[in-house]
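Peer 1: Next comes the sequence, and after it the predicted model I'd like to discuss.
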Amino acid sequence: MKNFFLILWLALAAVSASADSLLPEQANDLFAPHQIRVGDLVTVVIENDVRTVQQVQVQNQSNSGISNPLTNIVGAITGITPDHEDQSARNETANTRSQFSETVTATVTEVERGNLTLRAVTSMKLDGKKREVSLTGKVRRRDVGADNRVSSTLLADAVINVDGVHKSPVQPGIVSRVLRFLF
């Protein structure tokens, strides 16, 4: 029985030594990154947190007075003068915060020493409004995954523009409305 297992083991060893590989001899490395050229597409996952603070300081000062003989006599008797001085100051602050995660397809515009220059323009809905998003930046080839995806946090010289106007949630006060009406 011992000899049977020894012969079986030697036979299996001989067969496995002479067996060919399942892959052809010139097979490409399956884990090596494929070549990316100018014009190829790369998916960029934009994760951004935009916070803006707007501060407005409104100051108003007004002086008024009446001077005639009657008011001078009443003022001398009662000590009350019709002169009036009014000052007001108010600070308004509006905080806005927009968080978004968006996937855009960028075009490779340049390949230089293993670094890719990317550019993308797309439309997205942010804060209930349609916005145009543009992205430019550079990324190392090795940071692009096998699925051709890269996070925007890995982009160097990244510029992400979100086009659109944010409306301030703070409503102007009565003094601001009057000043806007007059000027």
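Peer 2: Good, I have the coordinates. Bear in mind the structure is a predicted one, so any value in this text is a computation, not a measurement.
Peer 1: What is the burial count for I36?
Peer 2: I36: 16 surrounding residues under other C-beta atoms under 10 Å. Quick note: C-beta positions are derived from backbone N, CA and C, even for glycine.
Peer 1: quick one: what helix or strand has it in it?
Peer 2: I36 is part of no helix or strand, with elements assigned from DSSP states H and E.
Peer 1: how close does it sit to I80?
Peer 2: 85 Å (C-beta to C-beta, to the nearest Å).
Peer 1: got it, and V104?
Peer 2: Distance, V104 to I80, by C-beta to C-beta: 71 Å.
Peer 1: Could you do T96 as well?
Peer 2: With C-beta to C-beta as the criterion, T96 and I80 are 49 Å apart.
Peer 1: which of these two has more neighbours?
Peer 2: A count of neighbours by other C-beta under 10 Å puts T96 above the other of T96 and I80, at 14 against 9.
Peer 1: So the more buried one, which state does it fall into?
Peer 2: At T96, secondary structure determined by DSSP: H, G, I helix; E, B strand; the rest coil is strand.
Peer 1: Give the bridge partners for it, please.
Peer 2: T52 (DSSP bridges).
Peer 1: Wait, it touches T52, no?
Peer 2: Yes. Counting by C-beta atoms under 8 Å, T96 does reach T52; the two are 4.9 Å apart.
Peer 1: any chance you could map the helices in this structure?
Peer 2: For the chain, helices defined by DSSP state H occupy the ranges 2-18, 69-78, 174-182.
Peer 1: worst average pLDDT in those?
Peer 2: If the helices of the chain are sorted by mean pLDDT, helix 174-182 sits at the bottom with a mean of 65.
Peer 1: show me what contacts the closest residue to Q87 other than its chain neighbours?
Peer 2: Excluding the flanking residues, the one nearest Q87 by C-beta to C-beta, 6 or more residues apart in numbering is Q61, at 4.8 Å. Shown in contact with Q61 (C-beta atoms under 8 Å, 6 or more residues apart in numbering): E85, D86, Q87, S88.
Peer 1: who's in contact with Q59?
Peer 2: By C-beta under 8 Å, 6+ apart, the residues touching Q59 are Q87, S88, A89, R90.
Peer 1: Now distance to D163, pLDDT and neighbour count too, for the residues you listed, in TSV please.
Peer 2: Formatted as TSV, these follow (distance: C-beta to C-beta, whole Å; pLDDT from 0 to 100; neighbours: other C-beta atoms under 10 Å):
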residue	distance to D163	pLDDT	neighbour count
Q87	41	80	9
S88	37	80	11
A89	35	82	10
R90	32	83	12
